[in-house]
Structure formats: structure tokens, C-alpha cells
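In: Got a predicted structure here, sequence first:
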Amino acid sequence: MIGILVRSVVLAAFAGGGWLAACVYPPPEALIARINPNLIEERARSLGARAMDAALRAGHMITVERISVSEMMESADSAFEIAPRQAAAAAAASAAAAQAQSPFETALSLCPGLSVSNAPPVDAARALSNYAPIVNVNGVALAVNPTLGACLSSGFGPRGARTHRGVDYHSQVGGPVLAAASGAIVEMLYRDDFGNMLLIDHGAGVYTRYAHLATFQQGLTVGSRVSAGDRIGLMGNTASYPLPIHLHYEVLRGDYANPRRSFGLEAASPFAFPAAREG
């Protein structure tokens, strides 16, 4: 009995020692191949994976997924089918972004059913030809139409026995009136002829007048600064005599420090200036 126990202990000691020796001193590849040929391939894969992982962590290599030729062709076919749709979607998104960047409408038409005096050239649909929504006035980028959802009801120039010093934009339901460019409010008052009227100084001797407003935007006063596209009031028909809902809009240039103030400035048609360069 004691002999059997001693032999078991000796065998266990030899087995443990062999396992420990194999961990410290791996057996040669030839011997492994004789015992189990698959062990060499498994060991190589393990060492390769460990080496790749170490290289990836060190930033010395990247991995590229392998695909078959048939998979590659299928991917290319799908790309050719999807690309036109993606391009169209990208163009639409770009146009929407451009529109979102500018608060001013990019097209303008004559009011339907009206004979518009001094109207700029239009196409068969009465839309203004070569319309530039933003023009350069003495270096100031100025909106030609500072309204939304309105049409042109009167142009700049002779009208009856008098000269119309601005342009009129009409909307039956009114709508917001926007600052044509950044600047400071220098006049904000009521007149019998212009009703609620507001004048903005844009610098460089450029001013814009907005007349017949139904209301002024809350919080605005003389001296307030506004940015291009800010709402300054609502289109109306305020005056001492009946008139349709519209905005009378003037582009003025000159020195405000004159005896007649804004009425001593030179008026011009917003359609007479060149388009402002983008950016």
C-alpha cells in the first residue's frame, strides 16, 4: 500500500515538473508536429493575433476587411444605384441650407391683376427676370424685398403727376416686414402721409425707409440696433387716408445731417443696383 502511494506521488511530481518545464521552455516544433500537427497552426494563429493586436494598439497598422470579388461587384452596383439619389438629396439639402441662411425670398413677381407702374422686366409668368434679392448699395448688402409672401404692386419713378420715391409690396393679409440690412433705427414715428414709419441707418450713407406699418416690433426704439432679417413691424395701411395693405419701401443715400433729414436724402430704385457678391 505504501509502495503504491509513493509511486503516485513520484508520478505526480514528474507530471507537474514536465508541465512547468513546457511552460518555461516550449518543446520544439518538430516534436509538437509529431504529437499533433494542428497545434503548430493554432499556435501560429495565436501568436499572429497577439502580434496584430499589439501593432494596432501601437498605431503601426490598420486592418482592412477582406471581401470576395462577387461581394465587391455587388457593392459597386449598389453604389451606382444609390449615388444619383444621394447627389439629388445633397443638392436639395444645399439649396435648403442656402435658403435658411438668408431670411429674404429669392424670387419676386408682379401682383396678379394689377397694372404695375415702372415695373422691372418680367417673364411670361410675371416673375422678375434676373432678380437679385440682395444688392450692393455703397458697399452695403441690402435686401430688395424686405417682406415675406408679398408681390410688387408699384415700382420706382413717375406715377401720375408725382414721382414715386420707393417701391410698394402688397399682401392682402399683410405679413412681417424685415430689416433690409444691419443698422440703427434713426426715425420711428407716425405721419399723416406715411402712417407708422421707420428709418434705418445702415452706414456708408445708406438708409432704408419702411412706411404704412400696422405696428412696430415690440421693444424697438430710436437708437435700437437691428440685424439683417430682423422683424421690425407688420405690413399695414396706416395713413390719414384709405389705402390698401402694403409696404412703401425706400432706398436712400446721402448725408442725414441736412435741414430736411431723411427727406433731404436721394431716393433710388432698389432694382437699379448690382447684385451683391455672396460671402
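Out: That came through fine.
In: residue ranges with poor pLDDT in the stretch 1-150 of the chain?
Out: Using pLDDT under 70 as the threshold, the predicted model of the stretch 1-150 of the chain has low-confidence ranges 1-100.
In: if you set the cut-off to 90 instead, what comes out?
Out: 1-102 (pLDDT under 90).
In: Kindly state the beta-bridge partners for the nearest residue in space to F216 that is not next to it in sequence.
Out: Taking Cβ to Cβ, 6 or more residues apart in numbering, and ignoring the residues beside it in sequence, F216 has G233 as its nearest neighbour in space, at 4.9 Å. Where C-beta positions appear, they are placed from N, C-alpha and C, glycine not excepted. With DSSP bridges applied, G233 shows beta-bridge pairing to V177, F216.
In: I'd like to know how far the nearest residue to S227 once chain neighbours are set aside sits from A127.
Out: Computed as Cβ to Cβ, 6+ apart, the closest residue to S227 that is not its neighbour in sequence is S182, at 4.9 Å. Applying Cβ to Cβ, to the nearest Å, one obtains 28 Å for the distance of S182 from A127.
In: For these two, work out which one has more neighbours and name it.
Out: Set S182 next to A127 and count neighbours by other Cβ atoms under 10 Å: S182 wins out with 16 against 12.
In: mind checking how far R277 is from A132?
Out: Here the criterion is Cβ to Cβ. By it, R277 lies 11 Å from A132.
In: These two - which one has more neighbours?
Out: Neighbour totals were compared for R277 and A132, and A132 leads with 16 against 8 (other Cβ under 10 Å).
In: The strand or helix carrying P158 packs against which elements?
Out: In this structure, P158 sits in strand 157-159 according to DSSP states H and E. For strand 157-159, the packing partners by 3 or more Cβ pairs under 8 Å, 6 or more residues apart in numbering; DSSP states H and E come out as strand 162-164.
In: Which other helices and strands does the strand it packs on contact?
Out: Using 3+ Cβ pairs under 8 Å, 6+ apart as the contact definition, the elements that strand 162-164 packs against are strand 157-159.
In: Which parts of this protein are strands?
Out: Read by DSSP state E, the chain holds these strands, from start to end of the chain: 134-137, 140-143, 151-154, 157-159, 162-164, 167-170, 176-178, 183-191, 195-203, 206-216, 225-226, 231-235, 246-253, 266-268.
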